[in-house]
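Peer 1: Build me a model from this:
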Amino acid sequence: MKKNLIFSALAILFLWLVWIIAYFCVRNDYLLPSFWETFRAMGKLFANGFFWRAFFGTFLRTLISFAVSFLLGAGLAALSCLFGWVRAILSPIVSVLRTVPTMAIILVLLLWTNAFIAPVIVTLLVIFPAFYGAMLAELDEVRAEYGVLAQTFNVPAGRQVFSMYIPLCAPNILGQAGGILSMGLKITVSGEVLSQTYRSLGGMMQNAQLFLEMPTLLALTVLVVVLGFLLEGLCLLLKKVLVRWRR
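Peer 2: Residues are numbered from 1 along each chain as shown. I've put the predicted structure just below:
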């Protein structure tokens, strides 16, 4: 744990030094704002009530997409583990969702929905295959290890999955959930930029780029990256708590 924190701190320090060196090489605030200008812009954002409404709007969209994707992924993975025909039907559907361009999905969704709903749906469609694949892989691994034991004691198939396999693979899934949640945040913001969603971090990025407010644009980008790291760290912490609690 301490080593990971040290390496993370060194990585952040390295990126900070690269930023400073790149700024002095470019010497153009419209291409790359300075570190201090960016954080001055970040301070102004924190004092702006509109920023916080946009922040919580984006965060809420991300959580909704994450929750629905998690429930769908876990439920359909459990059914695929129980029934081969469900796995056969879902396999091509999941493959298509993994390969469809995000921009194409957003453009189509904007014709059917609006700029507030489109980022939620596109994030759901992108991270659902990740949840489904991760959950199904974990269930198959646990089933291969404990399936014979469960059949020996005549445990019903449904009970095997929901009372045995899912609890056993929960820590690993929770560990992967942080990366998926962070990816979901990134996709939500990208969807908001393309959809020009009002009162969102993506919408604020779009406006900052339009009016050439580069320090604000970079400050918003840094905040999204930091939030992604915090969400991943929270999920890893919850995984460790769950593992210790089970012991």
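Peer 1: pLDDT weak spots in the chain?
Peer 2: 1-8, 147-155, 157-158, 162, 242-247 (pLDDT under 70).
Peer 1: Touching, residue 192 and residue 207? I think so.
Peer 2: No: using Cβ atoms under 8 Å, residue 192 is not in contact with residue 207, being 11.3 Å away. From N, CA and C alone the C-beta is placed, and that goes for glycine too.
Peer 1: Which one's more surrounded, these two?
Peer 2: Comparing residue 192 with residue 207 by other Cβ atoms under 10 Å, the one with more neighbours is residue 192, at 31 against 15.
Peer 1: Next, work out how far apart the more buried one and residue 109 are.
Peer 2: 12 Å (Cβ to Cβ, to the nearest Å).
Peer 1: Check which helices and strands the host helix or strand of residue 145 sits against.
Peer 2: Counting by DSSP states H and E, the element that carries residue 145 is helix 118-152. Applying 3 or more Cβ pairs under 8 Å, 6 or more residues apart in numbering; DSSP states H and E, we find helix 118-152 packed against helix 49-82, helix 84-99, helix 102-112, helix 166-195.
Peer 1: Could you pull out the buried residues of the third one?
Peer 2: Residues of helix 102-112 classed as buried: 105, 106, 109, 110 (neighbour count, 16 or more other Cβ atoms under 10 Å).
Peer 1: Can you add distance to residue 138 and give these back as TSV?
Peer 2: Below are those laid out as TSV (distance: Cβ to Cβ, whole Å):
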residue	distance to residue 138
105	27
106	30
109	30
110	35
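Peer 1: returning to what we had before: tell me what angle the helix holding residue 145 forms with helix 49-82.
Peer 2: Put simply, helix 118-152 runs at 30 degrees to helix 49-82, going by axes from the mean of the first three to the mean of the last three Cα atoms, to 10 degrees.
Peer 1: Can you point out the buried residues in helix 118-152?
Peer 2: 118-132, 134-136, 138-140, 142-143, 147, 150.
Peer 1: For stretch 184-203, list every residue counted as buried.
Peer 2: 184-195, 197, 199-203.
Peer 1: now swap in stretch 41-59 and tell me
Peer 2: Result for stretch 41-59 [16+ other Cβ under 10 Å]: buried residues 41, 42, 45, 51, 54, 55, 57, 58, 59.
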